[in-house]
Structure formats: C-alpha cells, structure tokens
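Q: What shape does this take:
(one chain, ligands or ions: 1)
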Amino acid sequence: MSEIDHVRDFYDRTVEEEWLRLERNWLEFGVTKAFLNRFLPAKARILDSGSGPGRYALDLSAAGHSVDLRDLSHENIARAREEAGKRGLTLNTAQTGDARDLSDLSDAGYDAVLVLGPLYHLTSEEDRNRVISETIRVLKPGGLAAFAFISRFAAAHYQLKTDPAAIARRRGVIDEFLNERQHRLTPETDFFVDSHFVDPSEIALIFRDTGLAQRALFGAESMMAQSEWRLADLPDAERRQWLDFAVSVAETPAALYGSEHLVFIGEKSG
Ligand SMILES: C[S@@+](CC[C@H](N)C(=O)[O-])C[C@H]1O[C@@H](n2cnc3c(N)ncnc32)[C@H](O)[C@@H]1O
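A: The predicted model follows:
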C-alpha cells in the first residue's frame, strides 16, 4: 500500500475518533479557532483542504463563511455532510480530493485555505512542497493560509498526557518522532499512521521564498499539551480562562515547544 493509501484507509477507519478528537483536544481546537478568527475577513470564501469530518468547516460555515471541504477520506467527507445536515448548515462543496493536486480549482479563488492535516502525513519534502504551492496558487493576493505541523516532541507530550506508566513500551516511538522525524504504520506499530514531524524552529524556514508572509506561528496546545485532557474536566468558566491564557502566550517559544500541534498562518503577497 502507498503512503497515501495508508492515510486514506486509516482515516476511513477512524472517522468516529476523528469527530470526537477536537472535543478532547479542546485547547488545540480553541486556540486555532481564536487565531483564525483574528485574521479571517467577514464572509470569506474558504477551502478546508484535509478537513477531516469538518469540525472547523462547520463552525466557519455557522459563522457565515462559504466553505469548500476536501479530504482524502470518503468516510470523513460523508460525516461532514451528515453533521452539516443535522445543524441545517450549507457547505458550499464537500468532496474527496488530494491536497497535492487542486488542479480543478482556478487560481486566486479563495480568501483563506486551511491545511490542518495534509502536511504532517506526507513524508516526502517534494510532496509537502506541492501542497504548499497548490495552496498558495488558489489563494487570492492578500489571502491567508493556515498550515498545521506535528512537533517532534509530540509523542512525548502525548504519552505524558495519556499513560506515562507505559514509557517502556512507548520509548521507541517517542525516540522515533524525536530523532527520525517520521513514523510509518506497520503491522508492529499501532501508534499512528505515516507521518512527518518538525522541530518548531524549522517552520518559518519552510515558507521562506514561497510568497507567504508570516502572520502567526503558534503552538496549538500552548505549552499545556500535557494538561489538556485534565483541564477538559474543569467547569466552563475556568476552561475559558485557561483558553484565554493559552491564546495570549501561544506564540512564545515555551508554547511552541510545549505543543503537539504547531500552526503557521501566512498571507499571500501581491
Ligand atoms: C488529523 S486529521 C485533521 C482533520 C482536521 N483538519 C482537523 O484539524 O481536525 C488529518 C486529515 O487530513 C487528511 N489528509 C491527509 N493527507 C491528505 C492529503 N494529501 N489530501 C487531503 N487530505 C489529506 C486525512 O484524511 C485526515 O482527515
């Protein structure tokens, strides 16, 4: 099976987990939405490329934006359509597709493109560069693109958050994320599907000379990755305070190194 087939198959099988993921990962979701809302114009035309089951797309649609969804996984697209129907929301389009090839979309059609998934599932730099150049091509001048990455420290954060006692069993994966910067799904590994990991210090360099000017680079769990699930049980008022704090420090080095997910937001020049 090719890497793309692994990824498609993995997300087709895990659509329910993926739908629930951003409820448990409430900081990742809340901090990322706060940054998107800071920069998005009103009534934007948005492409969510690698949308999963559409958590971001549904919220953006409910806020009055016009959203097109794409994902490798047919099951995730079907779930997004179903959830939109339940909420009486209209998605502009929702279809399967590969973020590396947007050739059916014309140049400069979108105010914003979200790429919160595809880059960290491509282990070839050439493939990741194709995603970046296709994304920029379909953006209007002055449009915004948001790209998510997974930190090479993410497996350690995740293990500390979920099951620190299992360090002996997980040490190999933690070191693989950290040092090899990639993970492949094999019959022996049940941790995650094929993925690529970055050091936070590398992200700005990836976008140098692409025609995107950095507007933000933040840690989506904002130094609190290891506390995220524990904080999820707090009453709403205290959670709101922690979210507000998380957003306020999300661009600091402590937050970049204390997060599993990292997000770069850039503006297309011209
Ligand atoms: C962890 S999920 C993230 C979903 C959502 N964007 C979010 O942030 O919650 C990663 C998603 O990216 C999709 N994906 C991975 N590689 C892709 C590619 N090359 N083109 C389109 N979708 C892709 C997967 O199918 C999956 O639904």
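
Q: Could you check which residue of the stretch 101-250 of the chain lies nearest the ligand?
A: Taking CB to the nearest ligand atom as the measure, the stretch 101-250 of the chain has Gly117 as its residue closest to the ligand, at 2.7 Å. Bear in mind the C-beta positions are built from the backbone N, C-alpha and C, glycine included.

Q: Quick check: the residue nearest to that residue when sequence neighbours are not counted vs Glu3, distance?
A: Leaving aside its sequence neighbours, Gly117 sits nearest to Gly50 (CB to CB, 6 or more residues apart in numbering; 3.4 Å). Using CB to CB, to the nearest Å, we find Gly50 at a distance of 14 Å from Glu3.

Q: More neighbours: which of those two?
A: Each of Gly50 and Glu3 has its neighbours counted (other CB atoms under 10 Å); Gly50 has more, 26 against 17.

Q: doesn't Arg70 make contact with that one?
A: Yes: counting by CB atoms under 8 Å, Arg70 is a contact partner of Gly50 at 7.1 Å.

Q: shared neighbours of those two, anything?
A: Shared contacts of Gly50 and Arg70, defined by CB atoms under 8 Å, 6 or more residues apart in numbering, comprise Ala99.

Q: For the protein, which helix or strand comes out least confident on mean pLDDT?
A: Lowest mean confidence among the helices and strands of the chain (mean pLDDT, DSSP states H and E): strand 182-183, at a mean of 89.

Q: What helices and strands are in contact with the next helix or strand after it?
A: Note on strand 182-183: by DSSP states H and E, the next helix or strand toward the C-terminus is strand 195-196. Using 3 or more CB pairs under 8 Å, 6 or more residues apart in numbering; DSSP states H and E, the elements in contact with strand 195-196 are strand 182-183.

Q: Does the ligand have contacts with the strand it packs on?
A: No: judged by CB under 6 Å from any ligand atom, strand 182-183 stays clear of the ligand, getting no closer than 13.5 Å.

Q: Right, I'll call it a day here.
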